Each structure stands twice: as structure tokens, then as C-alpha cells.
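Novice: Have a look; sequence and predicted model below, questions after that.
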Amino acid sequence: MSLKGKTLFITGASRGIGLAIALKAAADGANIAIAAKTVDPHPKLEGTIHTAAAAVEKAGGRALPIAADVRDETSVKSALD
């Protein structure tokens, strides 16, 4: 199954497994909505929604960074506004 032209909504995609999935899907031509709570750089952890979006686009996909903590209903509602 091709991901070309498909849109994926990936939570936790600013680093780790979520980012790895996003990059693989981007290489296959997918559009990626990157939902994560990391907007600003963390002093000990690499990656933000913005650096992830740049990596997705470099890998060949289109990216939409969304600041949201999916564990918090208020945060999700704010991201949708």
C-alpha cells in the first residue's frame, strides 16, 4: 500500500518512535500532521514539532506541526481552534 498523497496524524512525533514513523511515511510521499507538546527545545532532549516538520519535509513529505498534549483535553481543543 502506497502512502503517497495520504495524510497521517502522528502523536508524539517530535522525537523517538513517532518521528521515525513520520520520516518513513514522508519518504513514501505522505503528508504528516505532527502533534506533540514540544514546541520549545528541551535542554536534555533533542527535537521539537518544528524540527520534526523540517525533517519530514526534507524526507519528501509535507508537514503540519500541531502543538498539543493529547493527554489533556483542553490542550487538544486549543490546538483545534
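Specialist: Received it, and whenever you're ready, just let me know what you need. Since this is a predicted model, take the numbers as computed values, not measurements. Numbers count the residues shown, from 1 in each chain.
Novice: So the most centrally placed residue in the chain: helix, strand or coil?
Specialist: Central residue of the chain (Cα atoms, centre = their mean): I34, 2.0 Å from the mean position. Here I34 is recorded as strand under DSSP: H, G, I helix; E, B strand; the rest coil.
Novice: Next up, the contacts around it.
Specialist: Contact analysis of I34 by Cβ atoms under 8 Å, 6 or more residues apart in numbering lists 10, 13-14, 22, 49, 52-53, 56, 63-66. C-beta here means a position set from N, CA and C on the backbone, and glycine is covered the same way.
Novice: Same question for G47.
Specialist: For G47, the contact set (Cβ under 8 Å, 6+ apart) comprises 14-15, 19, 38.
Novice: Just send these back as a markdown table, with pLDDT, neighbour count and secondary structure too.
Specialist: Listed next are the contacts of G47 as a markdown table, based on pLDDT from 0 to 100; neighbours: other Cβ atoms under 10 Å; DSSP: H, G, I helix; E, B strand; the rest coil:
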| residue | pLDDT | neighbour count | secondary structure |
| --- | --- | --- | --- |
| S14 | 90 | 28 | coil |
| R15 | 91 | 18 | coil |
| L19 | 95 | 22 | helix |
| T38 | 83 | 22 | coil |
